[in-house]
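> missing the sequence, but the structure's below:
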């Protein structure tokens, strides 16, 4: 057996994956014990080195919770490598394979990715290969966009021959197929938006829209369908998708780029507001009694037992807590009643029972109650594995809440 490689103070622990030109290692720092992942270029031709270093340098400029974080790059090493955060979780390809994802969970996941993509686009970078396999949900439930291997800055000179299509055929925007210079088309934000909209559509229907095998025959079918279909509509495959969310998918995947949602930021706003009712009119009569706020001495808390589940709720605040937690999004009218939200969680605690594996564990979940649904859920735990935290998040996603807005943190004890 060959010895595991070292990269400066970083010692390889195990191989996480291997592609055509790169290998990814789980590494540990021998000086301080910290962990990370290192991506190494295994096919170090001149073009590959240039592309690899450019990818690392681009990622180092991006600081966003929904984009894979890169800490450093050894551009002069032979072969070159870069250090990134250790990402363990499940990609959207695997999540989709389990069947249709609930509308609220799917919209929340893609809205978060769109938020990160908006920052990427603001730096003049286009990803050009957005698809379910390139979005990974980490152990805390946070989706992260990965694999910037063919991304490029719009001001860079072309790295491949004009007329050559790059990316995954099944997720290319229709205009890419018939453009004389596909690079110029893929330099637009709308091209990435289309791929993200198609990813959302596939989450909602629980299957890929286009087959991945079949050679030129399958490629021809994809081409014809992309150019003939006016937009992707998830209700064509899954009639249970709410019409309001299906409309967002259609607008993100319009065949004509001029009719499509043009930017990732615009897509995020649409996704975060698809299930939010319009604001209620402001009353013109005499003022009512003020809403009683949580005491300043401390946050409200509930404790409840439900078989194997024990839940302790700590409300971070009403609308003010939401602003601190998620930068003011989403924005439905009025705060939810903390007592009503607590009662709703206690009444539905049995939904968390399947997540108990028989070993004591605590999962601290944070989410936003909005429009009667769960939004922006995430979880963290030092005693539960990724499967358990994912189970908790999926269970929370299926719960119903009182109308209004409230940010919640709940340490959930599983026995």
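Sure, I can see it. Bear in mind that the values here come from a model prediction, so they are computed numbers and not experimental data.

> ok, residue 168 touching residue 128?
No. In this structure, residue 168 is not within contact of residue 128 by Cβ atoms under 8 Å, at 9.4 Å. Any C-beta I mention is one placed from the backbone N, CA and C, and that applies to glycine too.

> name the element residue 406 belongs to?
strand 405-414 (DSSP states H and E).

> residue 168 and residue 128: who's more crowded?
residue 128 (23 against 16; other Cβ atoms under 10 Å).

> ok, that one - contacts?
With contacts defined as Cβ atoms under 8 Å, 6 or more residues apart in numbering, the neighbours of residue 128 are 150-152, 166-167, 186, 191-192.

> helices along the chain, start to end?
For the chain, the helices defined by DSSP state H cover 46-61, 92-97, 103-122, 174-177, 182-186, 189-205, 215-228, 243-252, 264-273, 319-326, 338-347, 386-397.

> possible to save those as JSON lines with mean pLDDT?
As requested, the helices of the chain are exported to JSON lines (pLDDT from 0 to 100):
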{"stretch": "helix 46-61", "mean pLDDT": "87"}
{"stretch": "helix 92-97", "mean pLDDT": "94"}
{"stretch": "helix 103-122", "mean pLDDT": "94"}
{"stretch": "helix 174-177", "mean pLDDT": "85"}
{"stretch": "helix 182-186", "mean pLDDT": "71"}
{"stretch": "helix 189-205", "mean pLDDT": "96"}
{"stretch": "helix 215-228", "mean pLDDT": "79"}
{"stretch": "helix 243-252", "mean pLDDT": "96"}
{"stretch": "helix 264-273", "mean pLDDT": "93"}
{"stretch": "helix 319-326", "mean pLDDT": "40"}
{"stretch": "helix 338-347", "mean pLDDT": "82"}
{"stretch": "helix 386-397", "mean pLDDT": "83"}
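
> give me whichever of those is most buried.
Mean neighbour count (mean count of other Cβ atoms under 10 Å) peaks for helix 189-205 among the helices of the chain, with a mean of 26.

> where does the stretch 1-150 of the chain have low pLDDT?
1 (pLDDT under 70).

> can you give me the end-to-end span of stretch 53-72?
11 Å (Cα to Cα, to the nearest Å).

> number of residues surrounding residue 9?
Counted with other Cβ under 10 Å, residue 9 comes out at 12.

> and residue 170, by the same measure?
By the criterion of other Cβ under 10 Å, residue 170 has 18 neighbours.

> touching, it and residue 201? I think so.
No. In this structure residue 170 lies outside contact range of residue 201 using Cβ under 8 Å: 11.8 Å.
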